[in-house]
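Novice: Need a 3D model of the sequence below.
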Amino acid sequence: MNWTNPEDVHDSTIGPITIDWDNGAVEIPLKIANDVTGTIIAQGLRLLVMPRMHPWGPARTVYELSINGEDWPDATSVQILAQTGDNISIEADTFEYIVNSDERPIAESEAV
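Specialist: Have a look, this model is predicted:
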């Protein structure tokens, strides 16, 4: 699975969000799978809208993530629709998505 694809973060758990006001940055950690975590990093933050109204009920997971751009380096905005129904909107100069994985690669002999 390509964990850098926004479509692959459905059901990821949203971790504690960090905002660096002085430097105009925000970091959003995601627990994607048992051995996989990711962090969305926005620099040159211009807009952060982060309601927590829970119109669909309480949850800590991602329903859908979309980026405005061809890929993370080209993105100008990111939208995270939480399974609460709340939409986190970010506009920034640059976005980066870092994935950390402890997954063991599948050997060719194990591939189906």
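Novice: Quick check: which element contains the spatially most central residue of the chain?
Specialist: In the chain, the C-alpha nearest the mean C-alpha coordinate belongs to I40, at 5.0 Å (CA atoms, centre = their mean). Per DSSP states H and E: I40 is located in strand 36-49.
Novice: ok, now which ones touch the nearest residue to I41 once chain neighbours are set aside?
Specialist: Sequence neighbours aside, E96 is the residue nearest to I41 in space, at 4.5 Å (criterion: CB to CB, 6 or more residues apart in numbering). Where you see a C-beta, it was placed from the backbone N, CA and C, and this is true even at glycine. Contacts for E96 (CB atoms under 8 Å, 6 or more residues apart in numbering) come out as 40-41, 43, 72-73.
Novice: what's the closest of these to L65?
Specialist: Nearest to L65 among these is I40, at 8.3 Å by CB to CB.
Novice: so what's the residue nearest to the centre of the chain bridging to?
Specialist: In this entry, I40 is beta-bridged to I28, Y97, by DSSP bridges.
Novice: what's the pLDDT at it?
Specialist: At I40, the pLDDT value in this model is 95.
Novice: Check the gap between the residue nearest to I41 and I40 for me.
Specialist: Taking CB to CB, to the nearest Å as the measure, E96 falls 8 Å from I40.
Novice: rewinding a little: measure the residue nearest to the centre of the chain to I98 for me?
Specialist: Separation of I40 from I98 (CB to CB): 8 Å.
Novice: surely P16 meets P29?
Specialist: Yes - in this structure, P16 is within contact of P29 by CB atoms under 8 Å, at 6.9 Å.
Novice: More neighbours: which of those two?
Specialist: Taking neighbours as other CB atoms under 10 Å, P16 and P29 compare with P29 leading, 18 against 7.
Novice: Check what pLDDT the more buried one gets.
Specialist: If you check P29, the pLDDT there is 96.
Novice: so what's it up against?
Specialist: If a contact means CB under 8 Å, 6+ apart, then P29 has 14-17, 37-39 as its contacts.
Novice: Good, we can wrap up now.
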